[in-house]
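[1] Next come a sequence and a model predicted from it.
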Amino acid sequence: MARSLRQRVPKMVVGLLGLLPAARTGWLFFTNNLGANPIAEAMNQLGFWTLTLLMASLACTPVKVVTGWKTPLRFRKLLGLLAFFYATLHFCMYFGVDQFFDFGEIGRDIIKRKFITVGFAAFVLLIPLAITSTNRMVKRLGFPRWKRLHRLVYLAATLGVIHFIWRVKSDYRQPLLFAFVLLVLLSVRVVDHLRGRTRHAEPS
């Protein structure tokens with residue numbers, strides 16, 4: 001019981017902290033304190049936190065690879081689900097508040113505006129990953145198949161960064177920082193994968 005509580009409390013704290021930016025953005029939006037273009041600013045903030053939490057979830061394994069510290073792995077799924085939550089809010093702001101459920105205009109945006117095209121593709125890729133995040137789905141799919149499916153998170157993250165780069169018009173510092181972080185995380189995973197293949201290929 002005590003051990004279970006020690007495992008749950010940190011996750012609860014991380015989960016609550018992860019929801020604070022959404023609560024703050026919602027409060028500022030509804031109190032009309034998000035500047036001259038509150039819809040765009042709300043989408044920007046939600047998109048920023050989507051990528052931040054997605055990078056945090058992707059960093060858990062590289063941290064373990066580089067340092068041997070396994071504790072971050074306990075938060076990987078939670079961080080990924082929080083990232084999906086923010087991605088959903090980001091999309092809902094565009095879909096319901098910005099476009100007011102105008103399916104025709106939304107369809108034209110997805111087809112014609114490349115930053116929306118890749119952003120929508122990134123969101124769609126995250127949906128099956130969120131749906132299959134439970135232990136029951138891991139057992140149903142089988143771990144090897146589940147693992148292959150969840151590698152799509154790297155493609156989703158890449159598309160998300162491209163979406164951010166193409167969305168901004170002048171200050172590229174934040175999106176390029178995300179691109180650099182993603183490149184480092186991918187590099188660690190690739191190097192670790194190649195080292196693992198080399199170890200398995202060596203004669204015992």
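    Received the coordinates, thanks.
[2] and residue 53, which of the three is it?
    Look at residue 53: counting by DSSP: H, G, I helix; E, B strand; the rest coil, its state is helix.
[3] Excluding residues flanking it in the chain, which one is nearest residue 86?
    Nearest non-adjacent residue to residue 86, counting by Cβ to Cβ, 6 or more residues apart in numbering: residue 50, 4.1 Å away. Yep, even glycine has a C-beta here, placed from its N, CA and C like the rest.
[4] name the helices or strands packed onto the strand or helix carrying that neighbour?
    Using DSSP states H and E, residue 50 maps to helix 38-67. Helices and strands touching helix 38-67, by 3 or more Cβ pairs under 8 Å, 6 or more residues apart in numbering; DSSP states H and E, are helix 2-30, helix 76-92, helix 152-167, helix 173-201.
[5] outside of stretch 117-129, which residues touch it?
    80, 83-84, 87-88, 90-91, 110-111, 149-150, 152-153, 155-157, 159-160, 162-163, 166-167 (Cβ atoms under 8 Å, 6 or more residues apart in numbering).
[6] What's the PyMOL line that selects buried ones from the residues you listed?
    In PyMOL, this line selects whichever of those come out buried by 16 or more other Cβ atoms under 10 Å:
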select buried, resi 80+83+84+87+88+90+91+150+153+156+157+159+160+162+163+166+167
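[7] For the residue nearest the centre of the chain, give me its contacts.
    In the chain, the C-alpha nearest the mean C-alpha coordinate belongs to residue 54, at 2.8 Å (Cα atoms, centre = their mean). Contact analysis of residue 54 by Cβ under 8 Å, 6+ apart lists 79, 80, 83, 87, 153, 156, 157, 160.
[8] Return the residues in contact with residue 53.
    18, 79, 80, 82, 83, 86.
[9] now the closest residue to it other than its chain neighbours: how far from residue 72?
    Distances taken as Cβ to Cβ, 6+ apart place residue 83 nearest to residue 53, at 3.9 Å, with adjacent residues excluded. To residue 72, residue 83 is 15 Å away according to Cβ to Cβ, to the nearest Å.
[10] next one: residue 15
    Relative to residue 72, residue 15 is positioned 15 Å away (Cβ to Cβ).
[11] how about stretch 88-106 as PDB, C-alpha atoms only?
    The C-alpha coordinates for stretch 88-106 follow below in PDB (Å, rounded to 0.1, in the frame of the first residue of the first chain):
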ATOM      1  CA  THR A  88      -6.600  18.200 -28.700                       C
ATOM      2  CA  LEU A  89      -7.200  21.600 -27.000                       C
ATOM      3  CA  HIS A  90      -5.100  23.200 -29.700                       C
ATOM      4  CA  PHE A  91      -7.100  21.600 -32.500                       C
ATOM      5  CA  CYS A  92     -10.400  22.300 -30.800                       C
ATOM      6  CA  MET A  93      -9.500  26.000 -30.500                       C
ATOM      7  CA  TYR A  94      -8.900  26.100 -34.200                       C
ATOM      8  CA  PHE A  95     -11.900  23.800 -35.100                       C
ATOM      9  CA  GLY A  96     -14.500  25.200 -32.800                       C
ATOM     10  CA  VAL A  97     -13.500  28.700 -31.800                       C
ATOM     11  CA  ASP A  98     -11.400  30.000 -34.700                       C
ATOM     12  CA  GLN A  99     -13.300  28.400 -37.600                       C
ATOM     13  CA  PHE A 100     -16.600  27.800 -35.700                       C
ATOM     14  CA  PHE A 101     -17.100  24.300 -37.100                       C
ATOM     15  CA  ASP A 102     -17.000  25.500 -40.700                       C
ATOM     16  CA  PHE A 103     -16.000  22.100 -42.300                       C
ATOM     17  CA  GLY A 104     -15.600  23.500 -45.800                       C
ATOM     18  CA  GLU A 105     -13.200  26.200 -44.700                       C
ATOM     19  CA  ILE A 106     -11.300  23.800 -42.500                       C
END
